[in-house]
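1. would you be able to build a 3D model of this:
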Amino acid sequence: MNISLIRRAGRLLAMALLLGSAAAAAQTPAPATPLPDAPLTAEECVRIALERNPNAAAILHSGRSVLARVGLSQSAYYPTLDLSGGLSRSYSEPNGSTGSGRNSLVFGSSTSTSDSALLSADYTVWDSGQRKAAVGEAKANYQAADANYIATLQNLALSVDTAYYNMQGALWVLEVSKDTLKQADFHLEMAQARNDVGLVPRSDVLKAATAQADAKLAVIQAQAQLETARANLASLMGLPSDSMLQLVPANREFVPPQLPDWASNWAKAQETLPEIKTAFQDSESFRYAYLGAKAAYLPTVSASGTAGLFDSGNWPNRQEWSAGLQIRIPVFTGFARKYQARQAKESWESSQANLQATILNSEKAAYGARITLDAAIQAVPAAEAYVASAQENMDVANGQYKNGLGSMLDINDALAALSAAKLRLIQARLNVATATVAWKRATGVDLLEGVPLPPIAPQRPDGDQKP
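-> Have a look, this model is predicted:
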């Protein structure tokens, strides 16, 4: 056996191990971007969620595993090469003798060494379109996985935006509750002072104290609501639930948007919604599977060849090679191909029906989102008028009580109505914000605009993606 060849093989193996270790180190995920100290915007919350939320990472790696199947199916277009070698040494003991005495001849032991090296190659010359169908099916599955990945990220962005606005609303509710408590404290002090000079009965003080206790309870509940909203947002962002997130204050005096046009937005949605793209690519994958099943009826042509060196003592002792073509025509397989083709056809037709169902369900969801947005937009001016009326009623009740013309019961009723009106306005404006985001998601508007996404396909040096 050639010692230099063994040494070269050893060096090649060592280099392969080093390169494999380097590649594994290069593929180690980079640490997540640290959280900013400043208050967060909705866009920053979405960016952090895309980096840290494990659901997004799971879908990303699932899509990349589907991408690997594309390369696997394309490998059928290349020849296969196998290199084999062997080393053997044999020994046989003496097995007898001839003659007798000094003239006897003993059959001695024998040893022999042999080496061999063989290279074999196989290549499919023609397969009646089976490889093309397999590659088409794999690419369609990849496109479906890519669209599903985008849909998952869009849903995550929708959830983060909704949680962001819910936390903004909880902050506002807490402010309203604290303001109501301050007014209740003032009313109690006013009732106590008027009772001390005999202007009002003791019952007014008790009523004011009751209203103050109720306002304190509302503050406690608002604080709990805020912490729940904060934990929900942190969880969606892939952070611990006790993360003390701070948000950029929202604009609470915004002008409600105009109701978007239905026909034009739905027409765009059918081209951009990732759910529809996923269903379409799923249908394409079944179509290619059907084409591949039909191609199994047709012949295939393959080429093969071998070349080898053999040694029976002196290297190389003998050389051998062979080459040939083989045609295979399927004749009968127990009706297996017939039922495979039928199954593939039915699956394809089922996927086409599923595509139509996906379009109908998406249209229903988008139209429902528009109805919700319309109601939210119309509710804002009504809630603003409600607050203005309640505030005026509160001012009148305070003035009448100071002048001895009203009762503490009137003040408590006015304060409760004002607090309820402010909370109704908070909810109305919050509904507009969340309904707008839901409408955008239902009509295929990109909620990730400006946020960098980790692609499923690796990047080429020229910036394009594979495949």
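2. all helices for the stretch 251-400 of the chain, in order.
-> Along the stretch 251-400 of the chain, counting by DSSP state H, counting those that start in this stretch, helices occupy 262-272, 274-295, 336-402.
3. which positions within the next helix or strand after the last one qualify as buried?
-> Spelled out, it's helix 336-402. Of the helices and strands lying after helix 336-402 in sequence (DSSP states H and E), the nearest is helix 408-442. Neighbour counts using 16 or more other C-beta atoms under 10 Å place 408, 410-412, 414-419, 421-442 of helix 408-442 among the buried residues. Every C-beta, even on glycine, is put in place using the N, C-alpha and C of the backbone.
4. over to stretch 80-89?
-> Buried residues in stretch 80-89 (16+ other C-beta under 10 Å): none.
5. format the CA atom coordinates belonging to that stretch as CSV.
-> Coordinates of the C-alpha atoms in stretch 80-89 are reproduced here as CSV (Å, rounded to 0.1, in the frame of the first residue of the first chain):
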residue,chain,number,x,y,z
THR,A,80,-23.1,10.1,-8.8
LEU,A,81,-19.5,9.0,-8.2
ASP,A,82,-18.3,6.3,-5.8
LEU,A,83,-14.7,5.6,-5.0
SER,A,84,-13.9,2.3,-3.2
GLY,A,85,-10.7,0.6,-2.3
GLY,A,86,-9.5,-2.4,-0.5
LEU,A,87,-6.4,-4.0,1.1
SER,A,88,-6.1,-7.6,1.9
ARG,A,89,-3.4,-10.0,3.0
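6. what's the neighbour count on Ala303?
-> Ala303 has 14 neighbours, counted by other C-beta atoms under 10 Å.
7. might one say that it is in contact with Ala323?
-> Yes. Assessed by C-beta atoms under 8 Å, Ala303 is found in contact with Ala323 at 7.4 Å.
8. any idea which helix or strand carries Ser112?
-> For Ser112, the element it lies in under DSSP H and E is strand 110-126.
9. can you list the buried residues in that strand?
-> For strand 110-126, burial by neighbour count (16+ other C-beta under 10 Å) applies to 115-118, 124.
10. could I get the helices of the stretch 251-400 of the chain in a markdown table, plus columns for mean neighbour count, distance to Ala231 and mean pLDDT?
-> A markdown table is the format used below for the helices of the stretch 251-400 of the chain (neighbours: other C-beta atoms under 10 Å; distance: least, C-beta to C-beta, whole Å; pLDDT from 0 to 100):
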| stretch | mean neighbour count | distance to Ala231 | mean pLDDT |
| --- | --- | --- | --- |
| helix 262-272 | 13 | 33 | 94 |
| helix 274-295 | 21 | 29 | 93 |
| helix 336-402 | 16 | 26 | 93 |
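11. turn those into a markdown table, including distance to Leu239.
-> Converted to a markdown table, those look like this (distance: least, C-beta to C-beta, whole Å):
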| stretch | distance to Leu239 |
| --- | --- |
| helix 262-272 | 30 |
| helix 274-295 | 26 |
| helix 336-402 | 28 |
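12. ok, which of these comes nearest Ser62?
-> helix 274-295 (13.0 Å; C-beta to C-beta).
13. what's the distance between the nearest residue to Gln281 once chain neighbours are set aside and Gln223?
-> In this structure, Gln281 finds its nearest non-sequential neighbour in Ala144, 3.6 Å apart by C-beta to C-beta, 6 or more residues apart in numbering. To Gln223, Ala144 is 46 Å away according to C-beta to C-beta, to the nearest Å.
14. those two: which is more packed in?
-> Ala144 (22 against 15).
15. so what's that one up against?
-> Applying C-beta atoms under 8 Å, 6 or more residues apart in numbering to Ala144 gives the contacts 66, 277-278, 281-282, 285.
16. Ala209 too?
-> By C-beta under 8 Å, 6+ apart, the neighbours of Ala209 are Leu188.
17. ok, the one 3 residues further on next?
-> Neighbour list for Gln212: 181, 184-185, 187-188 [criterion: C-beta under 8 Å, 6+ apart].
18. out of those residues, which are buried?
-> Here, 16+ other C-beta under 10 Å leaves 181, 184, 187-188 buried among these.
19. ok, so of the residues you listed, who is nearest Tyr339?
-> Among the buried ones among the contacts of Gln212, and counting by C-beta to C-beta, the member closest to Tyr339 is Leu181, at 74.6 Å.
20. so that closest one: helix, strand or coil?
-> helix (DSSP: H, G, I helix; E, B strand; the rest coil).
21. quick one: the closest residue to it other than its chain neighbours and Arg287, what's the gap?
-> The shortest distance from Leu181 to any residue other than its chain neighbours is 4.1 Å, reached at Ala215 (C-beta to C-beta, 6+ apart). Counting by C-beta to C-beta, the gap from Ala215 to Arg287 is 65 Å.
22. cool, Arg424 as well?
-> From Arg424 to Arg287 the distance is 53 Å (C-beta to C-beta).
23. OK, contacts around the most centrally placed residue in the chain?
-> The centroid of the chain falls nearest to Ala56 when counting by C-alpha atoms, centre = their mean (3.4 Å). The contact partners of Ala56, by C-beta under 8 Å, 6+ apart, come to 49-50, 152-153, 156.
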